[in-house]
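*Asks:* Below are the sequence and a predicted model; questions follow.
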Amino acid sequence: MLLPLPLAGAYDYRLPDSLAVGPGDFVAVPLGGNERIGVVWGAGTDGIDDARLKDVIERLDTPPLPEVSRRFVEWVSAYTLAPPGAVLRMAMSVPAALAPPQPVQVLALADTLPELRLTPARKRVLDLLAEGPPRGAIELAREAAVGPSVVKGLLAAGALEIVELPAPALGADPQGDHHRPELTQQQAVAADDLRDKASTGGFSVSLLDGVPGSGKTEVYFEAVAEALRQGRQVVVLLPEIALTAQWLGRFQARFGASPAPWHSELPTAQRRRTWRSVIEGRTRVVIGARSSLFLPFPELGLIVVDEEHDASFKQEDGVIYNARDMAVVRARLGDIPIVLASATPSLETVTNIRSGRYGRLDLPDRHGGGEPPEVRAVDLRSEGPPSGRWLSPPLIEAMAGTFAEGGQAMLFLNRRGYAPLTLCRTCGHRLACPRCTAWLVEHRYGHARLQCHHCGFQAALPDVCPSCTKPGSFVACGPGVERLAEEVAARFPDLRLAVATSDTLTGPAAAEALVRQIEGREIDLIIGTQIIAKGYHFPLLTLVGVIDADLGLAGGDLRATEHTFQLLYQVAGRAGRGLRPGRVLLQTYMPEHPVMAALVAGERDGFLEAEAAARQAAGMPPFGRLVAVILADRQQPRVEATARDLARAVPRADGIRVLGPAVAPLAILRGWHRRRFLVKAPRAAPIQDFMRLWLAKVRIPSGARLQVDVDPYSFQ
Ligand code: ADP
Ligand code: ZN
């Protein structure tokens with residue numbers, strides 16, 4: 001029995017003779033005075049005295065967790081070093097779905113109406129039901145604009161009766177042959193290959209490598225269509241922010257129905273319905289963020305990971321895992337094909353292609369022709385704006401030209417808020433978060449405030465400097481998108497501009513509204529963070545200006561160069577997606593940096609090769625392996641003591657080195673003091689065994705937190 005709790009492993013229970021269960025069945029069991037739901041994992045440990053075991057209470061009326069899902073839970077647990085129950089919890093994240101769907105109770109008019117005192121309110125309710133379908137009590141009261149007591153009174157008087165409807169049906173199934181697009185020659189070659197793989201099954205990994213706008217989505221839709229024809233289920237993983245109304249609209253047009261979305265912000269009732277219909281094999285296509293990988297598909301036949309290079313596939317808390325990598329594992333366990341799509345594949349994937357483990361399908365041309373955008377670096381040392389301004393003269397000129405031709409432009413700055421730092425002009429004091437090692441970011445939209453981007457702490461800008469008590473002495477340093485918008489508005493007063501960040505685009509509806517405004521030419525200029533960098537297709541957008549191309553290169557992140565290249569390449573890809581050619585200006589202090597040089601020359605593969613060589617020389621991923629260990633404690637002396645204990649316990653192992661403890665760059669987060677270790681090993685080293693051996697030797701105090709991050713992406 002495995003319980004969805006962060007316990008060490010499976011527990012044994014006794015099965016009463018009256019119960020028949022098989023592996024994967026969901027059962028209720030007693031645990032510490034409570035009733036818990038777990039999954040039958042196997043026959044249990046031999047030789048345990050039956051009398052010492054507790055009885056399984058009951059078997060739930062739910063199809064079993066598929067065998068492949070159970071193997072997947074075990075594999076992810078062994079790899080990430082997270083307890084198996086913690087991984088299982090991701091696979092059964094909607095406990096309510098384990099009960100069979102309940103019929104829905106609605107109210108209808110009674111067959112014969114009793115004698116009634118007819119108030120206007122009562123009459124409205126009865127009229128509504130006479131004309132329309134039965135509906136729930138709350139809905140009925142709302143639509144008739146009456147209080148709930150009116151509805152209750154009518155029910156008590158016998159004028160209404162309760163009717164049970166079956167649980168709501170799912171939407172229509174996506175159809176593989178609903179609308180087949182005309183593919184170009186190039187696209188057809190790739191699509192045929194993927195269709196074959198989806199048709200014959202068997203494990204394979206294919207990278208769909210194509211420039212933005214080359215039709216990668218159209219091509220992998222053909223593989224989805226084939227899996228549907230085969231009667232299999234499909235899951236498409238997208239980075240959270242790329243799941244757009246545009247994408248859903250295209251899916252709908254191709255397949256005649258919507259896929260089932262899956263992410264953490266969906267209402268519970270919807271999550272419950274989707275989980276249940278996935279395990280029953282009724283939902284055919286799920287589109288979602290990384291957690292959709294853990295849905296209990298009994299008949300999964302294809303996985304697609306779109307934007308496979310995206311760092312948001314890495315989950316950073318709870319069970320720490322990379323959904324792209326685990327998706328490949330899930331495909332292998334299920335013996336099915338997986339498609340990774342990207343215009344800027346990760347170095348991990350490129351390396352796997354070189355070694356022959358993954359296949360590759362190229363789409364080198366944009367659909368409908370069109371040249372790639374012309375990219376130019378603006379050297380901020382010689383062509384930069386005056387201090388306190390962020391638009392260089394060449395960028396201003398390009399913007400003016402674009403607007404004069406009626407084109408749209410986008411300015412990219414990956415910084416929310418007004419200014420990333422506020423300091424006192426008199427004494428130099430900088431306003432910092434009281435709970436984190438981080439500066440407070442000033443925000444002016446909505447209600448003006450200072451905000452910590454790490455923990456969400458908020459405060460008003462103080463009247464006087466907390467250090468020198470001088471009033472009104474604060475100055476904003478550096479730009480955020482809000483400050484940039486201010487400069488643009490002063491420079492181009494008649495411009496219609498929109499700022500797109502996670503503060504302004506608070507949900508899919510807001511994003512959709514913005515997209516419609518852009519498509520409808522109601523907006524001339526979009527100022528945005530990475531939220532706008534990918535996935536969108538704006539035909540009239542011809543100019544992209546990157547305000548600070550160097551921003552992502554600072555700091556000690558292993559993938560800083562790679563990720564900066566990918567992000568800027570994606571941003572640049574927004575320009576000139578229609579018939580007019582696009583132009584991209586990168587403002588940088590380092591035009592000679594390999595990232596800028598590669599972007600200007602359009603030399604993606606050369607850049608990847610150089611980056612690969614550098615990583616290989618340093619023994620860094622994907623050529624070597626890393627595990628990060630982050631120790632956190634509210635008490636600084638104790639975090640130091642535990643870190644010393646850990647350092648003393650490091651086992652000896654060939655080729656495996658443990659660096660640290662070091663104070664984390666984010667030394668304090670939400671009041672927790674943080675220390676880091678970094679374990680570095682050759683690719684083939686048994687690093688999980690090493691980690692288990694090491695961590696078993698140290699007792700972590702109950703007030704401390706230890707995170708193990710296999711294949712870390714964050715080095716903060
Ligand atoms: P990518 O995913 O490679 O960026 P998309 O699949 O989003 O490319 O395609 C870019 C645009 O070109 C989309 O608007 C898409 O509808 C269109 N497109 C691509 N291929 C075709 C095709 N064969 N027929 C019609 N439109 C296509
Ligand atoms: Zn903070």
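*Replies:* It's in. Ligands and ions are numbered 1, 2, ... in the order given.

*Asks:* check which helix or strand covers the residue in the stretch 501-650 of the chain positioned nearest to ligand 1.
*Replies:* Nearest residue of the stretch 501-650 of the chain to ligand 1 (C-beta to the nearest ligand atom) works out as His537 at 4.9 Å. Glycine gets a C-beta too; all of them are placed from N, C-alpha and C. His537 belongs to no helix or strand when assigned by DSSP states H and E.

*Asks:* ok, the longest strand along the chain: who's next to it in the sheet?
*Replies:* Counting residues, the longest strand in the chain under DSSP state E turns out to be strand 657-669. Paired with strand 657-669 in the same sheet, following DSSP bridges, are strand 672-682 (antiparallel).

*Asks:* State the pLDDT value of Ile241.
*Replies:* Ile241 carries a pLDDT score of 63 in this model.

*Asks:* Give me the three-state assignment for Val150.
*Replies:* helix (DSSP: H, G, I helix; E, B strand; the rest coil).

*Asks:* check contacts around it.
*Replies:* Thr119, Ala121, Arg122, Val125, Ala141, Ala144 (C-beta atoms under 8 Å, 6 or more residues apart in numbering).

*Asks:* same deal with Gln707?
*Replies:* Gln707 makes contact with Asp317, Ile320, Ala628, Val629, Ile630, Leu631, Ala632, according to C-beta under 8 Å, 6+ apart.

*Asks:* What segments of the stretch 151-300 of the chain are helices?
*Replies:* 185-200, 216-229, 245-255, 268-279 (DSSP state H, counting those that start in this stretch).

*Asks:* Quick check: which helices or strands does the longest one pack against?
*Replies:* Packed against helix 185-200, as judged by 3 or more C-beta pairs under 8 Å, 6 or more residues apart in numbering; DSSP states H and E, are the following elements: strand 204-210, helix 216-229, strand 337-342, strand 359-363.

*Asks:* Reformat those as a markdown table; add mean pLDDT and mean neighbour count.
*Replies:* Shown next, in a markdown table, are those (pLDDT from 0 to 100; neighbours: other C-beta atoms under 10 Å):
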| stretch | mean pLDDT | mean neighbour count |
| --- | --- | --- |
| strand 204-210 | 97 | 24 |
| helix 216-229 | 97 | 24 |
| strand 337-342 | 97 | 26 |
| strand 359-363 | 97 | 19 |
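
*Asks:* Please name whichever of the ones you listed is nearest to ligand 2.
*Replies:* Of all the helices and strands packed on helix 185-200, it is strand 337-342 that lies closest to ligand 2, at 33.1 Å by C-beta to the ion.

*Asks:* now check that closest one, is it near ligand 1?
*Replies:* No. On the criterion C-beta under 6 Å from any ligand atom, strand 337-342 is out of touch with ligand 1, staying 6.9 Å away.

*Asks:* buried stuff in the helix or strand just after that strand?
*Replies:* Scanning forward in sequence from strand 337-342 by DSSP H and E, the next helix or strand is helix 347-354. For helix 347-354, burial by neighbour count (16 or more other C-beta atoms under 10 Å) applies to Leu347, Glu348, Thr349, Val350, Thr351, Asn352, Ile353.

*Asks:* returning to what we had before: looking at the helices and strands packed on helix 185-200, which is nearest to Leu3?
*Replies:* Of all these, strand 337-342 sits nearest to Leu3, with 30.1 Å by C-beta to C-beta.

*Asks:* That closest one pairs with which strands, parallel or anti?
*Replies:* With DSSP bridges as the test, strand 337-342 pairs up with strand 204-210 (parallel), strand 300-306 (parallel).

*Asks:* Can you report how many residues lie near the residue of the stretch 501-650 of the chain closest to ligand 1?
*Replies:* His537 has 18 neighbours, counted by other C-beta atoms under 10 Å.

*Asks:* How about Pro181?
*Replies:* Using other C-beta under 10 Å, Pro181 has 15 other residues around it.

*Asks:* so it sits right up against Arg254, yeah?
*Replies:* Yes. Using C-beta atoms under 8 Å, Pro181 is in contact with Arg254, at 7.1 Å.

*Asks:* what do these two both touch?
*Replies:* Here Pro181 and Arg254 have Glu218, Phe221 as joint contacts, going by C-beta under 8 Å, 6+ apart.

*Asks:* Skipping adjacent residues, who's closest to whichever residue of the stretch 501-650 of the chain sits closest to ligand 2 in space?
*Replies:* Per C-beta to the ion, Ala632 is where the stretch 501-650 of the chain lies closest to ligand 2, at 13.9 Å. Here the nearest residue to Ala632 in space, its sequence neighbours aside, is Trp672; by C-beta to C-beta, 6 or more residues apart in numbering that works out to 4.1 Å.

*Asks:* again, but for Gly359
*Replies:* Ser206 (4.7 Å).

*Asks:* Please apply the same query to Thr542.
*Replies:* Nearest one to Thr542, counting by C-beta to C-beta, 6+ apart, is Gly407 at 4.2 Å.

*Asks:* if I pick the one you found, what's in contact with it?
*Replies:* Counting by C-beta under 8 Å, 6+ apart, Gly407 touches Leu540, Leu541, Thr542, Leu543, Arg580.

*Asks:* So which of the contacts of Gln707 wins on neighbours?
*Replies:* Leu631 (26 neighbours).

*Asks:* Over to it: give its phi and psi.
*Replies:* For Leu631, the backbone dihedrals (degrees, to the nearest 10) come out as phi -110, psi 130.

*Asks:* before we move on, what about the one 10 residues further on?
*Replies:* With angles defined as degrees, to the nearest 10, Ala641 sits at phi -60, psi -40.

*Asks:* Just give the number of residues close to it.
*Replies:* Ala641: 14 surrounding residues under other C-beta under 10 Å.

*Asks:* and what of Arg444?
*Replies:* Counted with other C-beta under 10 Å, residues neighbouring Arg444 total 17.
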